[in-house]
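Participant: Quick one: sequence plus predicted model below, questions after.
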Amino acid sequence: MRKPLSSVTANRSTFRIRIWVAGLFVIVCFSLIVARLWVLQVDRHDGLVQRADSNRTAFVPIPPRRGDVLDRHGEVLARNQLNYTLEIMPAQVKLLDKTLSELSEVVNLSEYEIRRFKRKLQDSSRFAHVVLRNNLNDVEAAWFASQAFRFPGVNLRGRWVRDYPQGEAAAHVVGYIGRISENDLDKLENTGQTGNYRGTDVMGKKGVEKTYEQVLHGLTGSESIEVTAKGRVVRSLNRNDPSAGKDLVLTIDMRLQRIAEQAFEGQRGALVAIDPSNGEILAFVSRPAFDPNLFVDGIDVESWRQLNESEDFPLVNRPLFGTYPIGSTYKPFVALAALELKKRGAKDIIYDPGYFELGPQRYRNSGSTAYGAIDMHRALVVSSDTYFYSLAPLIPIDVLHDFMAQFGFGQITDIDLDGEKAGVLPSTSWKRKAFKRREDQSWYQGETVSSLVGQGYNSFTLLQLAQATSVLANMGVLRQPHIVRAIKDARTGEAVPITIKPPQTLSLKPANIKIVRDAMVEVTKFGTARRAFEGVSYEVAGKTGTAQLFSLKGGKYNAEKVDERLRDHSLFMGFAPAQNPTIAIAVLVENAGWGGAVAAPIARKVFDAWVLPNTPLQPVPNAPLLGVKP
Amino acid sequence: MNGLTRLVKHLFRSIDWPLMVLLIILSAMGLIVMHSAVGGTSWRYADQEKHFLLALFVMWVVAMAPPQIISKCAVPFYLFVLVLLIGVEFFGETSKGATRWLHLGFVRIQPSEMMKIGAPMMLAWYFQVRDRNIFLIDYVVAAIVLLVPFALILKQPDLGTALLVMGAGLFVIFFAGLSFKLIIPVLVLGVAGLLAILVFEDYLCLPDTNWVVLHDYQKGRICTLLDPTKDPLGKGFHTIQSMIAVGAGGLSGRGYMSGTQAQLDFIPERTTDFIFAVFAEEFGLYGAVTLLALYALVIWRGLIIALSAESLFGRLLAGALTMEIFVYVFVNIGMVLGLLPVVGVPLPFFSYGGTALVTLSVAFGILMSISKHRKVQQ
């Protein structure tokens, strides 16, 4: 047998020797450390203490100027304003109370500000800059600057503060910036951007401020400066200039935007207006809105509570996040499906007795009117439900799904704003996935019936409806809707257009589209929208809708309001001028009832403002206050 | 009253008091220095207090488990941590260029930290099982047991932790009686390698030279050590500033909360890896030597526990864990003083961080268990 390499492991004396060796090793290493400490702290002490006390180099980040946000004509939606802050470094102030009382002769200091300052002082290092007052105006800043020599250790610091001059107008497009949170920091760290955010304490949280954060933020510069032991800056050694963030030029037309917002007259709802020739969003309304300026320096608790708990959900971006059944505004697309799929000819006559029977079930027209013998044109003009119900045995739900998917219904549009919802374009496979219980998973033909008139499981965003409407407007081309037109270098004035997905031409017969469009023109002349478009000097193609059921998620039950909140949504979709459209619109007013009465007149105002820009309009006062009905 | 006294006695019966007193003194010092390192603010300080309480509890629980139970846990624990380490490789969370964390749904853990205990435990168990029949092949097995986690941790990359795991494992092998005939040549080779690096420094630190086994930033740290002045504003900044701080401290220090290097933010990572610089600047040579003496006493007590342990498992594990604490202290202080490259090793009881503290408390809990459960075996 081979001799074990070390059979002595159990032998205590060997182990004892090993422990002694280890102990000796520890002693040697620690002696090495003590020797090194001696070298640094005794031998080289004089030299090193001098290096510590004399000038030292400090790196100071120089945050870049954040880019502005402008509308398509250069009107400012977001900018930076200089704001002065008064700070004190305790280490440089000998008699604090004397300094404070002398200071209050130069600038206004409230009791509260002094108390807040003293409280902060207890938690801060003696070398930190402790804020005494925010928001000094120009006069106060100038006053202090002239007296600054009397106050060593007191610094006036200018900083850029975000300002949204439009207030509530277009708030959901611009969004807002806010303090960088722990969560944001993690994300920055993971994308390797922490360095670029040194010296910056805010970033985009919503709207284009968020989606274009990288463009707007710019590149942080740095400066190495010599600082004395007391932290005073001696001179700048080396400077690496920051490069400012780029400006965003939006596709929004602020004049149109304001007119559209005002047209809602304090009602809740959404509107999206698109230029069908390029996918540019001309107006993007979500009512009610909020004032983004509230968020810039951290929103106060009371305002946050009001915004967050309001039953009107002012913070919800309705055109993107609200998904609704779109009711009869779906019918033009269903009619087109019937034509394209050759399930029904335009001239085929259907008898409408006021209801459609499927087995034992009777589906009624809304309002229970009987329209008699009608063709497709007439069915669209009067908005007969029965005509479309009767397509249920002809068009299987999956076929309808595939046809409608081409228009972008139930899918993310990829607009350059965040928080977009896909909604639901129902199909048999969708239902299998959406429901847990077996018996709920199969599709019933009755569900196809309600799907054909834009009810049932259908749930789309207004943005999707506007996008689909613009496909009808431009004879079958799907374009990615977008809200930013170009990225502009403020210094050189050079504007680079943003790139969007290439347009997609759907295989639709122009003759079929024309049948639907002709009917839509008739709708605004003699049909359900004739009142709203009385006396219009150009041709409008459109379709009204009245959608049952309230579907903004997260609504709290409130007995007093339940009746109002269960009322129908009022909808309108359309484009103008009908033969050569320059604008396509989708409007929804929540719980406002019949589409022709509420949504269509809003669309009329927006069409007028866009198609006839030179017609004098009634003067535009400031946007109405949150939730207040005039 | 008698019952209450007995209950208290029972609860504290597994506490090794000499060690406990040392740990309490060190913890108190750690908290006092942390308060200064954060500039008197409550930032991190309150957190660190909570970490200490948690660590105390963990240590107490571990100390109650007899060594036989710990020995039974060795293999499953080692394998469990190994699986987690492999999990980090595939599903780990990346931050600052290193993948070290694993999300287990309810909690975020750092498996490499657990390996600091797992690897020496496994090796101690192995040598106990193979006792009196140890052949060369056993050392090969031991090397594999050690090298697999080492490689996984090195790849994250986390040089500091990898070195600690390796160190703890090597000390088990050393205490198990690996012949000096084998140790000495390896040592000689190591020293020769270090000398070679010193001699060929200029060539090795050229930007184009690829070091194969080490990452660029690790190469940077070693080159910085060799000549910190080469890159004073970049990689050398850490070492230069911490050396200035220590030197400025002099014999008696610049006073609590008054070190300008610390308070003006010139010491990098001053709440974590470089906290010794804050301490040495404010408390000087006297303070630093006192602290070293305290650590020496902890190590001395740990080695005593190892000597008097009953089982081979207890002896090996106690010895290795004690020496692991020593490696912590030596590597951290050596790095702050510019003796060793900048590797991320925290200073026990001083550096901010809950995870490292919990690892330490497990180590000390095991030491106390080995110390207090001797009579049971007799």
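Facilitator: Looks like it arrived, so ask away. Residues are numbered from 1 along each chain as shown, chains lettered A, B, ... in the order given.

Participant: Find the closest residue to chain B in the stretch 251-400 of chain A.
Facilitator: Closest approach between the stretch 251-400 of chain A and chain B, counting by Cβ to the nearest Cβ: A:Gly298, at 18.4 Å. From N, CA and C alone the C-beta is placed, and that goes for glycine too.

Participant: Does that residue touch A:Gly178 like I think?
Facilitator: Yes. The pair A:Gly298 / A:Gly178 is scored as a contact, 7.0 Å apart, by Cβ atoms under 8 Å.

Participant: Have a look at the two and say which one is more surrounded.
Facilitator: Regarding A:Gly298 and A:Gly178, a neighbour count based on other Cβ atoms under 10 Å in any protein chain shown identifies A:Gly178 as having more, with 22 against 11.

Participant: burial measure for A:Phe149, as a count.
Facilitator: 7.

Participant: For the longest strand seen in chain B, list every residue counted as buried.
Facilitator: Criterion DSSP state E: the longest strand present in chain B is strand B:98-103. By 16 or more other Cβ atoms under 10 Å in any protein chain shown, the buried positions in strand B:98-103 come out as B:Ala98, B:Thr99, B:Arg100, B:Trp101, B:Leu102.

Participant: wait, doesn't A:Val173 sit right on A:Leu463?
Facilitator: No. Using Cβ under 8 Å, A:Val173 is not in contact with A:Leu463, being 11.9 Å away.

Participant: Quick check: residues of the stretch 151-300 of chain B near chain A?
Facilitator: B:171, B:174-179, B:233, B:243-251, B:257, B:260-261, B:263-266, B:280, B:284-285, B:288-289, B:292, B:295-296, B:299-300 (Cβ under 8 Å from any Cβ of the partner chain).

Participant: just the buried members of the residues you listed?
Facilitator: B:171, B:174-178, B:243-250, B:257, B:260-261, B:263-266, B:280, B:284-285, B:288-289, B:292, B:295-296, B:299-300.

Participant: where along the stretch 201-350 of chain B do the helices fall?
Facilitator: B:201-204, B:216-226, B:237-249, B:260-263, B:275-307, B:312-336 (DSSP state H, counting those that start in this stretch).

Participant: With mean pLDDT and distance to A:Leu339 added, can I get these in CSV?
Facilitator: Shown next, in CSV, are the helices of the stretch 201-350 of chain B (pLDDT from 0 to 100; distance: least, Cβ to Cβ, whole Å):
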stretch, mean pLDDT, distance to A:Leu339
helix B:201-204, 67, 77
helix B:216-226, 68, 65
helix B:237-249, 87, 73
helix B:260-263, 78, 79
helix B:275-307, 95, 77
helix B:312-336, 94, 78
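
Participant: These: which one's closest to B:Gly92?
Facilitator: Closest of those to B:Gly92 is helix B:216-226, at 18.1 Å (criterion: Cβ to Cβ).

Participant: Give the burial count for the nearest residue to B:Leu159 once chain neighbours are set aside, as a bare number.
Facilitator: For B:Leu159, ignoring the flanking residues on the chain, the nearest one in space by Cβ to Cβ, 6 or more residues apart in numbering or on different chains is B:Val343 at 4.9 Å. Neighbourhood size, B:Val343 [other Cβ under 10 Å]: 20.

Participant: How about the contacts made by B:Arg301?
Facilitator: B:Asp16, B:Pro18, B:Leu19, B:Leu22 (Cβ atoms under 8 Å, 6 or more residues apart in numbering or on different chains).

Participant: what does B:Leu84 give?
Facilitator: B:Leu102, B:Ile109, B:Pro111, B:Met114.

Participant: just the angle between the host helix or strand of it and strand B:98-103, please?
Facilitator: Assigned by DSSP states H and E, B:Leu84 belongs to helix B:67-91. Put simply, helix B:67-91 runs at 110 degrees to strand B:98-103, going by axes from the mean of the first three to the mean of the last three Cα atoms, to 10 degrees.

Participant: Name the spans of the stretch 101-250 of chain B whose pLDDT lies under the cut-off.
Facilitator: B:198, B:201-204, B:206-214, B:216-218, B:220-222, B:224-236 (pLDDT under 70).

Participant: Mind doing that once more with 90?
Facilitator: B:101-110, B:130-140, B:154-160, B:163, B:176-242 (pLDDT under 90).

Participant: OK, now which residue of it is nearest to chain A?
Facilitator: B:Gly247 (2.8 Å).

Participant: With adjacent residues omitted, what lies nearest to that residue?
Facilitator: B:Gly247 sits nearest to A:Leu48 (Cβ to Cβ, 6+ apart), 2.8 Å away.

Participant: Same question for A:Tyr387.
Facilitator: Nearest to A:Tyr387 is A:Ala379, by Cβ to Cβ, 6+ apart, at 3.6 Å.

Participant: What strand or helix carries that neighbour?
Facilitator: Using DSSP H and E, A:Ala379 falls in helix A:376-382.

Participant: still on that earlier bit, could you list the paired strands of the longest strand of chain B along with their orientation?
Facilitator: If you go by DSSP bridges, strand B:98-103 pairs up with strand B:93-95 (antiparallel), strand B:108-109 (antiparallel).

Participant: Just the CA atoms of it, as CSV, please.
Facilitator: C-alpha atoms of strand B:98-103 as CSV (Å, rounded to 0.1, in the frame of the first residue of the first chain):
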residue,chain,number,x,y,z
ALA,B,98,-20.1,43.3,-13.0
THR,B,99,-22.7,40.5,-12.6
ARG,B,100,-22.9,39.6,-8.9
TRP,B,101,-26.4,39.6,-7.8
LEU,B,102,-29.2,37.1,-8.2
HIS,B,103,-32.9,38.0,-7.8
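
Participant: List the contacts of that strand.
Facilitator: Under Cβ under 8 Å, 6+ apart, the answer for strand B:98-103 is B:84, B:87-89, B:91-93, B:95, B:108-112, B:156-158.
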